[in-house]
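K.L.:
Sequence and predicted structure, then a few things I'm wondering about:
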Amino acid sequence: MAVELQQTVSRIAAKSRIILERYELMKRQLKADAEKIGQLEQDINRMRAENERLRSQVDYLKMAAIVAPEREDVERTRALLSNLVREIDKCIADLND
């Protein structure tokens, strides 16, 4: 009877050690996972901020594209300015004569 009791206690002690080892392993894993979650949450916050910044930049670029003159308008304006400069040069030449 005492031998059986001792064997039972030994088996329980061995199982308890296994359970404690697994508990420590799970505790370390939980800590590692908590750190990983914290890092991922920081990454998410950083990406959200970057996303918001890029959305703002897209909005600014859209507005700039709307305000920016088209190539035809630029060419017409250059032609108009060239004509005006030629006329001014003629007027200056007439005044010098």
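P.N.:
Thanks, I have the structure now.

K.L.:
For the rest of this, base every contact and every neighbour count on C-alpha atoms.
P.N.:
Noted.

K.L.:
Where does pLDDT dip in this protein?
P.N.:
When residues are selected by pLDDT under 70, none of them lie in the chain.

K.L.:
how about the helices in it?
P.N.:
Secondary structure of the chain (DSSP state H): helices at 2-67, 71-96.

K.L.:
can I get those in TSV with mean neighbour count?
P.N.:
Shown next, in TSV, are the helices of the chain (neighbours: other CA atoms under 10 Å):
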stretch	mean neighbour count
helix 2-67	12
helix 71-96	11
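
K.L.:
Can you name the residues that contact the spatially most central residue of the chain?
P.N.:
Residue closest to the mean C-alpha point of the chain, counted by CA atoms, centre = their mean, is residue 47 at 3.1 Å. When contacts are counted by CA atoms under 8 Å, 6 or more residues apart in numbering, residue 47 touches no other residue.

K.L.:
gap between residue 11 and residue 4?
P.N.:
Residue 11 is 10 Å from residue 4, where distance means CA to CA, to the nearest Å.

K.L.:
ditto for residue 54
P.N.:
Applying CA to CA to residue 54 and residue 4 gives a distance of 73 Å.

K.L.:
do the same with residue 24
P.N.:
Per CA to CA, residue 24 is found 30 Å from residue 4.

K.L.:
Repeat that for residue 26.
P.N.:
Residue 26 is 33 Å from residue 4, by CA to CA.

K.L.:
Same check on residue 13?
P.N.:
14 Å.

K.L.:
ok, now residue 79?
P.N.:
Using CA to CA, one gets 110 Å for the distance from residue 79 to residue 4.

K.L.:
ok, now residue 40?
P.N.:
In terms of CA to CA, residue 40 sits 53 Å off from residue 4.
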